[in-house]
Structure formats: C-alpha cells, structure tokens
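Enquirer: with the sequence up front, the predicted model follows.
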Protein chains: 2
Amino acid sequence: MEYDKFFSEDVGSFMRSPVREIFKKVDLSAIYSFAGGYPDAATFPIEDIRRISAQVLEKYGARALQYGATQGVPELREVISRRYGVPVENVQITTSSQQGIDVCTRVFVNPGDVVLTTAPTYLGALQSFKSYRAEIRTLEEFGLKRPKFCYVIPDFQNPSGETMTLEAREKLVAMAREQDFLIVEDSPYRELRYSGEPVPTIYSLAPERTLHLGSFSKIFAPGFRLGWILGPVELLDQIYVCKQSLDLCPPIMDQYMAAEFMGSGALDANLQKSIALYRAKRDKMLALLDKYMPQGVSWTHPEGGLFLFVTLPEEIDTVALYDRALAAGVAYVAGSFFYPDGSHRNTMRLNFSFLDASRMEAGVRLLAEVIASAR
Amino acid sequence: MEYDKFFSEDVGSFMRSPVREIFKKVDLSAIYSFAGGYPDAATFPIEDIRRISAQVLEKYGARALQYGATQGVPELREVISRRYGVPVENVQITTSSQQGIDVCTRVFVNPGDVVLTTAPTYLGALQSFKSYRAEIRTLEEFGLKRPKFCYVIPDFQNPSGETMTLEAREKLVAMAREQDFLIVEDSPYRELRYSGEPVPTIYSLAPERTLHLGSFSKIFAPGFRLGWILGPVELLDQIYVCKQSLDLCPPIMDQYMAAEFMGSGALDANLQKSIALYRAKRDKMLALLDKYMPQGVSWTHPEGGLFLFVTLPEEIDTVALYDRALAAGVAYVAGSFFYPDGSHRNTMRLNFSFLDASRMEAGVRLLAEVIASAR
C-alpha cells in the first residue's frame, strides 16, 4: 500500500534528530559518548524519589492519579511561582520544555512566518520550527519581514555552552521592542552554573513579550517530562487552549512529586551536589582538551550547562568523520546539525555531563587521535 | 500591549473545551456531577502503584529517570504487543491518547483537508481537528473530496455510549478501501465492557489503513497520561519523527510502571473489579432514569464505557438550561458540543462513572426536576 498521499504538507519538512538516530544505532554504554545531552545518572535523586512517591500517594491519594487542570496542578504552579518570584497566573506547566517550544511555535507560527534564532542553536527547536514550515533566520540575517519571535538559550547554550552578556540581552530586548516581536527564552540549564555570576533572565528584562521556558530535566530527572512556561497571561491563555487538545494536562503524579521535591528544599540540596559533580567534570574536560587536542583546534569555556563546542581546522568535516569516530569507539554530534543552514561542518558539540569522569581521559584521547588522523 | 498580531491563523480555530471551562467554574465535589469523563477514583489501584513505583526504582534504577526512546520504552511496547497480539514495531507509545489524536491530525491534515467523523463525537477530537483547520464532515455528508481519515470510537462511544456493530465496522472498512482513506480508531473504553459480546476492532479488520489508539486512562489511571498507537510502520515512522519535536519521549518512570502493571496481571485483576463497579453503576443509572425522567425523554443503553446520551423533547435547549441545572446543583454536558455543527441542542451527555453510587439517585431526581421544569 502506498502511504505518501496521506501525509500533510508539514511532513515534508519534518527533520529526524541525528542525535536520536545515533542512539538507535549504537549502545552508548559500549563507547565513549560525548554525544547526547543526558544528565549524569548520579545526579538523579533516587532516594528522594522513592520517599516522595510514597508521600505523594499518602498525601494526595486519588488526586495524584486523576485528571487535572490543563494549566498544571496548583501546588506545582505555586512552588514555581514562589521560587522564581512570578505570580501563579503567569505559570503554565508543560509536558517537557520541548513541548513548551512546540506549543509556542504552534500558537505563533504559520508556514512562511519568520523565527529568529542564534546560529548554532538547539536541534529540537530547529526540528519544531521546520515542522511548522517556519522561515528560520539568524539574528544577523534580520530582514524586512517582522519575525514572530526570536528563540534564544541565554545561559550555557546548547550547543555552544556560551552565555549571553547582560548587554547582549538588553540589545535583544531593545530590538524586540523596536521591531515588535516576542522572545522565547529557553532556559533548561540556568540553575547549573559552575563559575561566574548569574546574568538577569530576559524574562526579567521584558516580561511583557517574553516566554520563559523552564525544565525539570536537569534539576530533577528527564524521565519526568515536566517543564513550565512563564509569560504574559494573554499569551499563556492561548497556549492553555492549545494544550487542551495536545494532551489535556501534564502527568499528575509526576507534577505532585516535582512540587514536593522543589518545595521541600530537596531540590536545592540535590542541585548543590549536581553542580559540584558537573563543575569537576567540566574542569576535567577542559584540562583534557588542553592536554590532547592537536593544534588548530579550539573550544568554548562554558560557565555552566552540559556542553562545549569545538572548532576544528576548516578542512575537517565532522559529518564525514563521524563514522570513523564511532568505529574507533567515540561519539560526538556534528556541529553543523545545529546550524539552520547546515554550515560549519568543521565543528562538533561535546557533552561533558554523561560520560563517567573515570572514562573521560580515554575518550578525549581517542577523539583527539581521530581528529589528528583526519588532517 | 496588544497581542493578537502574534498569533498564528490556527489560533482563530482553537476551541475551548466547554467541559474544562465548567470545571474551572465549579467545585465538582459540591454538586451532583454527570459532566466530565472522570473514572471513579475507587478504580485507581493505589496499593499496586505504591508497590510498583518502589519496584520500578529498584529494578530499573536510573533508567527509569533518564531520557528514553521516542517510540516508548521497549518493556512497555512489548507488554502491549503481547496483550493485543501485534508486533512490537507496530506499537508507538504516546503521552496520552489525546496526543495520539493530535499527532495523527498533525501528520495527516492540512488546513481544508476533510476529516470524517460520526456525529456526535468526542469533543477533544473536534478540538484537535478544528485547531488544524480541518474540514469536518460527518459520515453521511461524504462529498467529492477524498477524506484524509475517518475518526471513530467504535466501542461505547463518547458521548453516545453506543457500539458499532460488526456490519457497521465492515461497511466503514469497505468504504475506506474504496475511497482510499485511513481510519483512526479511538479505543479508550474497549476493555470496560459490562454486558454483550466484544466486536472485533477495526484495526483487526483493516490493519493496513487503521491507526488504533489505546489508553491507560481508564484501565490504570488518567494521571499517568499514557496511551499507545497500533498501526502500519510506514505511518508510525512519521508519527515517531513528529513526536521527537512534540516532547522527545513519553514519561519514563510512568511507562515502566504501566509495563509492570499490565505485564504482571495486576491490571487484569483491577479491571475485573472496575468492571463490576461500573456495571452496577450503569445498571443503577439506567434504573434511575426509568424511575425519574419525565415522558418524552429517551436515552441510550451502553454495554460499556462511561457515558450515556439523553434526548429531550425538541423544544428543550440544554445549553440554555445548563445554568439553571448548575444552580440547582446538578451538572451535565450539553450534547450539541459533541456535534461538529453544534446542532442537537435537545441532547445531553451523562457520565455514570464518576459520581458516587450513593449520590446517584438524588442527582438523577434533581436533573429530572430541572428537565420537567423546562417544558
């Protein structure tokens, strides 16, 4: 049977995640993986989760298992409201911050509408924008057509690891106000700062036109698929109506668990440990790159998050190199996947959160050898 | 600030769920509610969930908390595959069966494409179809334009409570094959049969062109937001790519819990109890309607599920009557909300699963009084 005729026009613009395709092909535990964006499983608060899951069933009983409000359970919205100093009505819970990106695109973008991004930027966001047939432009390519929104990850960006300065944030806000577009501030890593000083969120600078996307994936556990959006009620209201038909409501028991975890102080205690662990991993990673990488290779020095971005000599194509690296037993994600136009084929994203610290040296050495052999 | 200019054209077609709007306005526990589609909390296997959540953390550890495959965790796909006799590659896990409806619409429907439905049909499906600006036609209105798919709930339909006969299913399949459209078979209630004999699924009759949507909401607990799609791999493959940008993957720990619950036999044990409870509630509801409803009122006699559908004399408008009913302390959902064209304003959907059996008589009597007073 021939199925192509059934598909919508959007399907032609769907983009498979090369990261997820990699995961289908190889057993990550069998190689040195700097691919993916997995947190270190050692940061998962398993004991807290064991305790809290029993507590939540005890405290809320059937309410933890029944349908709930599309905006999210009040208890979780309140905990987030208090933590980030935002009124409850400005908080919408999402079934993952990926859903936050998707629902913002769905609510604002028609085919052909312009979405501004930085380049490189998060692959899952590009997937979403492309799937709605948005015209993706980088901030530098700003044209005549008014963009619907600009998508940025200001803190410890995925994939670059870089953080926008206050001046850059203020400049973006000024531009958004002048050209009258919205800002989608994706902020899954903000709480994972290992050095330097926090910079105010874009949401705090322009609450009237910013949708701030938060995530429990890196401060609780990604398996819960929970995030949130902070934003103007006028925008959240349409997101709420859209979310009714997306999935009715986010997972209820998971929300109560997240509320308990965040509200009780257990999150902050766990976060301190996670930050210490990741800081050591980042430092080790940077030292190993210094030690092993051949001349002509440079990389970013992130103050937080999970990634750093490597630039190789112009003539090295990391897409072409990938199979050889995998055969040697080391994985990365080619940097060009994070560019809307597929350029910068001499770059790669390295994740430093997932691989066990004890295996990092062998992995970086191997990667350096693969790179050196490609020259 | 003026926000309307930011919204996509789809937003104009978004439809607020009148059911969810009702829930925002009233405290359901304070009235006799036949509105909503909530399961009886007594069917929630809280003890099993307490035990299984600890087991899952013990057995899978960090895997239960990490990111997972977009298709769903293999353990859950395998359990569903065995239970329903379908190869694993034909099983996609969804974050609720509402997401199943949404993702099918997204993958198949462009604005203006025809979706066939029965009338009445499930409100959440109408919301999804309208949000993608589909042209919704009833099976009787079949026109010149080839539909992309036909959406049906063959077993104990929401809202009518009716079940399609084998002949009706075969006729639909023949029509789909002749006119070359797909069938989306929404099947959240199928396992809740209280009398009569099971009828083969449409998926079993036409596996090459049917997407069968299953749900854990009525056989486990709706708070978990888990469902599944059975269908041809060629269609599931695009649904899989779409789902990457929707939410990366369904909630992981919840999936392991559902796998444990379904695979261990705990689901079947709990289902037997749920069926006994609901059968008694259905029988009581039907007896109470017989006892209290004024002449000229008729209703369906469902063999399963959560709903029955009431037809009042032509001159009674259940949308207009609603506020009076609510003031009197009883809630229903006006039947016209389930018709794509908003017709049949003399009908209402009654849910018999949620209200405590001991409160049913007072509720039905009150509803009968409100109806009698409207003549």
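Expert: Sure thing, it's come through. Numbers count the residues shown, from 1 in each chain, chains lettered A, B, ... in the order given.

Enquirer: got the contact list for the closest residue to A:A42 other than its chain neighbours?
Expert: The shortest distance from A:A42 to any non-neighbouring residue, by CB to CB, 6 or more residues apart in numbering or on different chains, is to A:L277 (6.3 Å). Glycine gets a C-beta too; all of them are placed from N, C-alpha and C. Residues near A:L277 by CB atoms under 8 Å, 6 or more residues apart in numbering or on different chains: A:40, A:42-43.

Enquirer: among those, which one has the most neighbours?
Expert: A:T43 (21 neighbours; other CB atoms under 10 Å in any protein chain shown).

Enquirer: what's the neighbour count on the closest residue to that one other than its chain neighbours?
Expert: Nearest residue to A:T43 in three dimensions, chain neighbours excluded: A:S274, at 4.1 Å (CB to CB, 6+ apart). By other CB under 10 Å, 22 other residues sit near A:S274.

Enquirer: assumed A:S274 was part of a helix.
Expert: Yes. According to DSSP: H, G, I helix; E, B strand; the rest coil, A:S274 belongs to a helix.

Enquirer: about what we covered before: any idea of the mean pLDDT for the helix or strand where the residue nearest to A:A42 lies?
Expert: In the assignment (DSSP states H and E), A:L277 maps to helix A:266-292. The average pLDDT within helix A:266-292 is 98.

Enquirer: gap between it and the chain center?
Expert: 18 Å (CA atoms, centre = their mean, to the nearest Å).

Enquirer: same check on stretch A:320-327?
Expert: On CA atoms, centre = their mean, the centre of stretch A:320-327 falls 25 Å from that of its chain.

Enquirer: mind listing what's buried in that stretch?
Expert: By neighbour count with 16 or more other CB atoms under 10 Å in any protein chain shown, stretch A:320-327 contains the buried residues A:321-322, A:325-326.

Enquirer: secondary structure added to the residues you listed, as TSV?
Expert: Output for the buried residues of stretch A:320-327, formatted as TSV (three-state DSSP):
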residue	secondary structure
A:L321	helix
A:Y322	helix
A:A325	helix
A:L326	helix
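
Enquirer: could I get the full set of strands for the stretch 1-150 of chain A?
Expert: Ranges of strands within the stretch 1-150 of chain A are A:32-33, A:91-94, A:114-117, A:135-138, A:149-152, based on DSSP state E, counting those that start in this stretch.

Enquirer: for chain B, which of those strands is the nearest?
Expert: Among the strands of the stretch 1-150 of chain A, strand A:149-152 comes nearest to chain B, with 7.6 Å by CB to the nearest CB.

Enquirer: if you count contacts, what does the closest one end up packed against?
Expert: helix A:97-108, strand A:114-117, helix A:166-179, strand A:182-186 (3 or more CB pairs under 8 Å, 6 or more residues apart in numbering or on different chains; DSSP states H and E).

Enquirer: any idea of the mean pLDDT for it?
Expert: The average pLDDT within strand A:149-152 is 98.

Enquirer: list the strands paired with that strand, with their directions.
Expert: strand A:114-117 (parallel), strand A:182-186 (parallel) (DSSP bridges).

Enquirer: run the chain-centre distance for the first one.
Expert: Taking the mean of its C-alpha atoms, strand A:114-117 sits 17 Å from the chain's own mean (CA atoms, centre = their mean).

Enquirer: interface residues of the stretch 51-200 of chain A facing chain B?
Expert: Proximity of the stretch 51-200 of chain A to chain B, by CB under 8 Å from any CB of the partner chain, involves residues A:53-54, A:57, A:61-62, A:64-70, A:95-96, A:98-99, A:101-102, A:106-110, A:113, A:124, A:127-128, A:131, A:148-149, A:180, A:182.

Enquirer: what's the burial count for A:T201?
Expert: Neighbourhood size, A:T201 [other CB under 10 Å]: 20.

Enquirer: list the contacts for it?
Expert: Counting by CB under 8 Å, 6+ apart, the residues that A:T201 touches are A:154, A:185, A:187, A:190, A:212.

Enquirer: narrow those residues to just the buried residues.
Expert: For those, buried by 16+ other CB under 10 Å: A:154, A:185, A:187, A:190, A:212.

Enquirer: just say helix, strand or coil for the fourth one.
Expert: Just to be clear, that refers to A:R190. Going by three-state DSSP: A:R190 is coil.

Enquirer: distance of it from chain B?
Expert: Computed as CB to the nearest CB, to the nearest Å, the A:R190 to chain B distance reads 19 Å.

Enquirer: list the contacts of that residue.
Expert: So A:R190 contacts A:155-156, A:198, A:201, A:214, A:304 (CB under 8 Å, 6+ apart).

Enquirer: picking up where we left off before, helix or strand right after the helix holding A:L277?
Expert: Counting by DSSP H and E, the next helix or strand C-terminal to helix A:266-292 is strand A:298-299.

Enquirer: I'd like to know which elements that next one is packed against.
Expert: Counting by 3+ CB pairs under 8 Å, 6+ apart, strand A:298-299 packs on strand A:307-311.

Enquirer: tell me the pLDDT at the residue nearest the centre of chain A?
Expert: By CA atoms, centre = their mean, chain A has its centre lying nearest to A:P188, at 5.3 Å. For A:P188, the model assigns a pLDDT of 98.

Enquirer: got it, and A:I22?
Expert: For A:I22, pLDDT reads 69.

Enquirer: what's the burial count for the nearest residue to A:M285 once chain neighbours are set aside?
Expert: Spatial nearest neighbour of A:M285, excluding adjacent residues (CB to CB, 6+ apart): A:F352 at 4.1 Å. Here the number of neighbours of A:F352 (other CB under 10 Å) works out to 25.

Enquirer: wait, what's in contact with A:F352?
Expert: If you count contacts by CB under 8 Å, 6+ apart, A:F352 has them with A:34, A:278, A:281-282, A:284-285, A:306-308, A:360.

Enquirer: rerun at 10 Å
Expert: If you count contacts by CB atoms under 10 Å, 6 or more residues apart in numbering or on different chains, A:F352 has them with A:34, A:40, A:161, A:278, A:281-286, A:288-289, A:302, A:305-308, A:360, A:364.

Enquirer: just the buried ones among those residues, please.
Expert: A:34, A:40, A:161, A:278, A:281-282, A:284-286, A:288-289, A:302, A:305-308, A:360, A:364.

Enquirer: stretch A:19-39: how far from the chain's middle?
Expert: 17 Å.

Enquirer: so what's the residue count around A:M1?
Expert: A:M1 - counted by other CB under 10 Å - has 9 other residues nearby.

Enquirer: kindly report the same for A:V152.
Expert: Neighbourhood size, A:V152 [other CB under 10 Å]: 25.

Enquirer: just the helices in chain A please.
Expert: Secondary structure of chain A by DSSP state H: the helices cover A:18-25, A:46-60, A:74-84, A:97-108, A:123-131, A:166-179, A:202-205, A:233-247, A:252-263, A:266-292, A:318-328, A:357-373.

Enquirer: quick one: closest of these to B:E9.
Expert: Minimum separation from B:E9 across the helices of chain A (CB to CB) falls at helix A:97-108, 10.6 Å.

Enquirer: what angle do that closest one and helix B:233-247 make?
Expert: 90 degrees (axes from the mean of the first three to the mean of the last three CA atoms, to 10 degrees).

Enquirer: ok now helix A:97-108, how far from the chain's centre?
Expert: 13 Å.

Enquirer: next, the residue nearest to the centre of chain A: phi, psi?
Expert: phi -80, psi -20 (degrees, to the nearest 10).
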